[in-house]
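Engineer: Generate coordinates for the sequence data below:
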Amino acid sequence: MNTHSAATATANARSDTEAKVKANEKAKAEAPAKDDVKKAAPAEIDVWSVEGTFQHLVYSPKGTVEGLVIETDGAPAQFVCDGHDPAASAGLDKLKAGQAVVLEGTVAEPSPKGKPAHEVYQLERLVSVDGKPVAPDHKPADVSGTVVRFNYAKHGAPNGVVLDSGDFVHTKPDGLERLGLKLGDTVKAEGDARPLAGGAGRVVEARTVNGKPVAAPRG
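Structural biologist: Predicted coordinates:
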């Protein structure tokens, strides 16, 4: 390589290096700081109020009530609840076909088993029947304490935590995994609460834990 070519190559290499350095500095300047990412506000949980006409109950293979189907705006909508929890379906067995109902629920997560035949919601509560308010069997509550042990679902997966206060914070297995709670953690949970069997403590259907939504963000 002659002198002129070597000088040109060196100048080009220096130019390329400077361009890369400037590009990296620009990328770092535009990237959000780690602290900013940690402080981002948690996603809000949308609870929908749906009016319709009661059609029929939905049963589990064991015969327990695990939801209902209503007709709203000429289309069916299904509301699901925990078939193993009698309190979750309280009052549903008294409904009669054709009654006007108002229900509150969150849009159910997509099922890995395929697309549903209609809109599906996770039932939060039965609000009214034929225009008459339904008194809830549970009340909104805030509980706090230290995690002393995990609680487990029937299939063996941890589905929440028990606090030193005696309260059981129910998050479901996927919610607990997202929250990453450990033994000894300090917890403040918000949700609907009702007494535990035996009268010691409460079970809280947690909506938020330490300010974070329990349910997976939609979208």
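
Engineer: Let me know the next secondary structure element after the worst-scoring helix or strand of the chain on mean pLDDT.
Structural biologist: Here the helix or strand of the chain ranked lowest by mean pLDDT, DSSP states H and E is helix 34-38, holding a mean of 40. Using DSSP states H and E, the helix or strand that directly follows helix 34-38 along the chain is strand 48-59.

Engineer: how close does Asp185 get to Val69?
Structural biologist: Counting by CB to CB, to the nearest Å, the separation of Asp185 from Val69 is 40 Å. Any C-beta I mention is one placed from the backbone N, CA and C, and that applies to glycine too.

Engineer: Please apply the same query to Val134.
Structural biologist: Per CB to CB, Val134 is found 18 Å from Val69.

Engineer: Tell me how far the lengthiest strand in the chain lies from the chain's centre.
Structural biologist: The single longest strand within the chain, with elements called by DSSP state E, is strand 139-152. With CA atoms, centre = their mean, to the nearest Å as the basis, strand 139-152 stands 17 Å off its chain's centre.

Engineer: which parts of that strand are buried?
Structural biologist: Residues Val143, Gly145, Val147 are the ones in strand 139-152 that count as buried (16 or more other CB atoms under 10 Å).

Engineer: what's in contact with that strand?
Structural biologist: By CB atoms under 8 Å, 6 or more residues apart in numbering, the residues outside strand 139-152 that reach it are 158-165, 167-170, 176, 181-194, 202, 204.
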